[in-house]
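Undergrad: structure for this input, please:
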Amino acid sequence: MKASERLTVVIKLGTSSIVDEKTHEPILSILSLIVETAAKLHRDGHNVVLVSSGAVGVGLQRMDIEERPKNLPRVQALAAVGQCRLMSLWDALFSHLRLPVAQILLTRNDIADRTQYVNAQNTFSQLFDMGVIPIVNENDTLAVSEIKFGDNDTLSAITAAMVKADYLFLMTDVDCLYTANPRTNPDARPIEAVTDISSLEADVSSAGSSLGTGGMSTKIIAAKLGTSAGVTTIITKSSKPGNVHEIVKYLQRIRQESSEGSATADSDLHMTTQEPPSTPPLHTRFLPSDSPIQSRSFWLLYGLKPHGTIYIDNGAYHALQNKAGLLPAGVLGVEGHFAQQEAVRLVVVEKISPDALNGEFLHHWQEPKEVGRALVNYGSVEVARIKGHRSTQIQSLLGYADSEYVALRENISFFNHEDSPRR
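TA: Got it, this is the predicted structure:
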């Protein structure tokens, strides 16, 4: 990697990072440092995206309300007030450095359609070409639970995958992950690099603030999403935004020295060095997958919200691995209500006798395991009728046959290393 190579860097900022938890006032010192950091990265020739929470917090301050309300319409109204003020603040700070910004508000509905997802990618690309810094947030004014990302950690990971980012920075209230809580355990050690998130042993007890929705556990989930898409995901301290620029320069330098043969990267990056480069600020970086999920597969797995579950047998699962489509004969059961062309979970279970499927079938299946997602050709009612039958029987069972497959292979994606997300 050459030092002049253009990178794409996504920086996620939580509400507690930029809004005072008690007064709800924007923390101007931090905001200014973030702007300076983004400007430095931009001057180095990199693309920069900010994923910024804080609309509800700023709305509380604007309306002189002390606590975040529990009533959803009121929260959404505050988000509408706060988002306007927050973007105005970002725009004013960036304008001092003559950098234009753009607002992008998303919900899952906005990327549920593949065409819209690609359109969003194209918009980001054009903004980068124009030298604009996109500022992304969830559209809290309109979002309901069915179409929410849930937290901006998840949104930032999906955004990073969408723009094919090199680095995703998750800014938090600690420098890095530790083996234990450093506030209570003097033997706690920092974790510099993580190659396998599933075997991570760290203290993740940090919870979200009263204003925010995330905590350390949501950042681990975001890291899983980011690394599965080939994005190096980094946790570092939000009160020191300058760390981002220093860490990017450090990672560029050790890779450049490796490519030039003057040094090789440290063991975290699967290389060694006699005299390591100057020590970077404390951080934890999650190394990207060696076989990242491609764009369409990532969209199927994480861009869409599943509306139900289809249970399949091992035979069907192995056939799917060999690029065959999902036939009704391999379907054991259906859960939830979904329509044609909606996403569903794919769960593999031990095949059992049909007698066990009467009413209490879930109690008889052995160790069900979610393995992927699919866009289905039939709704839940239709799949329940044709499950276990041959494709030639679909016409007689339904009165029509749109496809011989419950789902086409091109509309099915599997998790890397069979690592399933939260249900």
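
Undergrad: alpha carbons only for contacts and neighbour counts from here, please
TA: Fine.

Undergrad: what about residue 45, how many residues nearby?
TA: 16 (other C-alpha atoms under 10 Å).

Undergrad: show me where this protein has helices.
TA: 15-18, 28-43, 55-62, 72-95, 108-112, 114-129, 152-162, 216-228, 242-260, 295-298, 314-321, 361-364, 380-386, 394-398 (DSSP state H).

Undergrad: which of the ones you listed has the lowest mean pLDDT?
TA: Comparing mean pLDDT across the helices of the chain, the weakest is helix 361-364, with a mean of 50.

Undergrad: I figured residue 6 hits residue 46, correct?
TA: Yes - assessed by C-alpha atoms under 8 Å, residue 6 is found in contact with residue 46 at 4.8 Å.

Undergrad: who has more neighbours out of those two?
TA: residue 46 (19 against 15).

Undergrad: with adjacent residues omitted, what lies nearest to the residue nearest the centre of the chain?
TA: By C-alpha atoms, centre = their mean, the chain has its centre lying nearest to residue 157, at 2.9 Å. Leaving aside its chain neighbours, residue 157 sits nearest to residue 226 (5.0 Å; criterion: C-alpha to C-alpha, 6 or more residues apart in numbering).

Undergrad: one more: residue 32?
TA: That would be residue 93: by C-alpha to C-alpha, 6+ apart, it lies 6.7 Å from residue 32.

Undergrad: ok, now how distant is the one you found from residue 35?
TA: 7 Å (C-alpha to C-alpha, to the nearest Å).

Undergrad: tell me which of these two has more neighbours.
TA: Shown here are residue 93 and residue 35; by other C-alpha under 10 Å, residue 35 has more neighbours (22 against 18).

Undergrad: can you map out the strands along the stretch 251-400 of the chain?
TA: Counting by DSSP state E, counting those that start in this stretch, the stretch 251-400 of the chain has strands at residues 284-286, 308-312, 331-336, 343-348, 369-375.

Undergrad: any chance of the ones you listed in JSON lines, with distance to residue 125 and mean pLDDT too?
TA: JSON lines is the format used below for these (distance: least, C-alpha to C-alpha, whole Å; pLDDT from 0 to 100):
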{"stretch": "strand 284-286", "distance to residue 125": "25", "mean pLDDT": "93"}
{"stretch": "strand 308-312", "distance to residue 125": "34", "mean pLDDT": "96"}
{"stretch": "strand 331-336", "distance to residue 125": "37", "mean pLDDT": "95"}
{"stretch": "strand 343-348", "distance to residue 125": "27", "mean pLDDT": "95"}
{"stretch": "strand 369-375", "distance to residue 125": "27", "mean pLDDT": "93"}
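
Undergrad: out of the ones you listed, nearest to residue 388?
TA: Residue 388 lies closest, by C-alpha to C-alpha, to one member of the strands of the stretch 251-400 of the chain: strand 331-336, at 5.7 Å.

Undergrad: tally of neighbours for residue 331?
TA: Neighbours around residue 331, by other C-alpha under 10 Å: 26.

Undergrad: can you tell me how far the spatially closest residue to it that is not a sequence neighbour is from residue 386?
TA: Nearest non-adjacent residue to residue 331, counting by C-alpha to C-alpha, 6+ apart: residue 312, 4.5 Å away. Distance, residue 312 to residue 386, by C-alpha to C-alpha: 13 Å.
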